[in-house]
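Enquirer: Structure, please.
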Amino acid sequence: EQTYSDQYDGQSEAGLVGGSAGNSAAGERDITSLFYESVLPVMENLEVNVAVRYDDYSDFGDNLAPAVKVRWEAMDGLVLRASYSESFRAPGLDELNAATTFSAEGAIDYAQ
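Expert: Numbering: from 1, shown residues only. As a prediction, this is how the structure comes out:
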């Protein structure tokens with residue numbers, strides 16, 4: 001389980017401060033992950049490595065990320081490798097739960 005909490009001061013929370021770098025926010029999530037990997041010797045000079053990772057996020061969804069790697073020893077002193085993989089990054093709790101911010105982009109000082 002992951003938790004996120006960001007608490008701003010009372011004056012900002014009450015709306016007494018103009019502009020902000022954010023607002024108070026909080027959130028949590030449960031994560032379940034599984035991983036499997038296997039090395040398969042196809043021939044004496046060739047091996048295949050297969051892997052898969054499954055992630056399930058309570059607040060975002062799930063993802064399956066496969067990977068395949070091949071190692072071939074073509075001759076003594078020469079090894080060729082190839083790989084394919086997919087990746088995934090769930091958004092952080094701050095990205096999902098942060099409150100809207102307000103900031104004035106510009107102002108005119110009429111008292112000059």
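
Enquirer: Lowest-scoring secondary structure element of the protein by mean pLDDT?
Expert: Each helix and strand of the chain was given a mean pLDDT (mean pLDDT, DSSP states H and E); the minimum falls on helix 10-13 at a mean of 68.

Enquirer: Give me the contact list for the helix or strand following that helix.
Expert: Scanning forward in sequence from helix 10-13 by DSSP states H and E, the next helix or strand is strand 25-29. Strand 25-29 is contacted from outside by 1-6, 57-60, 93-94, 96-99, using Cβ atoms under 8 Å, 6 or more residues apart in numbering. In this view, the C-beta of every residue, glycine as well, is placed from N, C-alpha and C.

Enquirer: Could you give me the buried positions within strand 25-29?
Expert: By neighbour count, and taking 16 or more other Cβ atoms under 10 Å as the criterion, the buried residues in strand 25-29 are 25, 27, 29.

Enquirer: Next up, phi/psi of residue 95, please.
Expert: Torsion angles at residue 95 (phi, psi; degrees, to the nearest 10) stand at phi -70, psi -40.

Enquirer: before we move on, back to that, give me the lowest-pLDDT entry from the buried residues of strand 25-29.
Expert: For those, the weakest pLDDT value sits at residue 25, with 75.

Enquirer: Identify the bridge partners of that residue.
Expert: Taking DSSP bridges as the rule, residue 25 bridges to residue 6.

Enquirer: And the strands in this structure?
Expert: 2-6, 25-29, 31-43, 46-57, 61-75, 78-85 (DSSP state E).

Enquirer: send the alpha carbons of the last one over as CSV?
Expert: Read it as strand 78-85. Output of strand 78-85 as CSV, limited to C-alpha atoms (Å, rounded to 0.1, in the frame of the first residue of the first chain):
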residue,chain,number,x,y,z
LEU,A,78,31.8,-13.9,-30.6
VAL,A,79,28.5,-13.6,-28.8
LEU,A,80,25.4,-11.9,-30.3
ARG,A,81,22.5,-10.7,-28.2
ALA,A,82,19.1,-9.3,-29.1
SER,A,83,16.2,-8.3,-26.9
TYR,A,84,12.7,-7.0,-26.9
SER,A,85,10.8,-5.6,-23.9
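
Enquirer: Spatially central, which residue of this protein would that be?
Expert: Taking Cα atoms, centre = their mean as the criterion, residue 89 is the residue nearest the geometric centre of the chain, at 2.8 Å.
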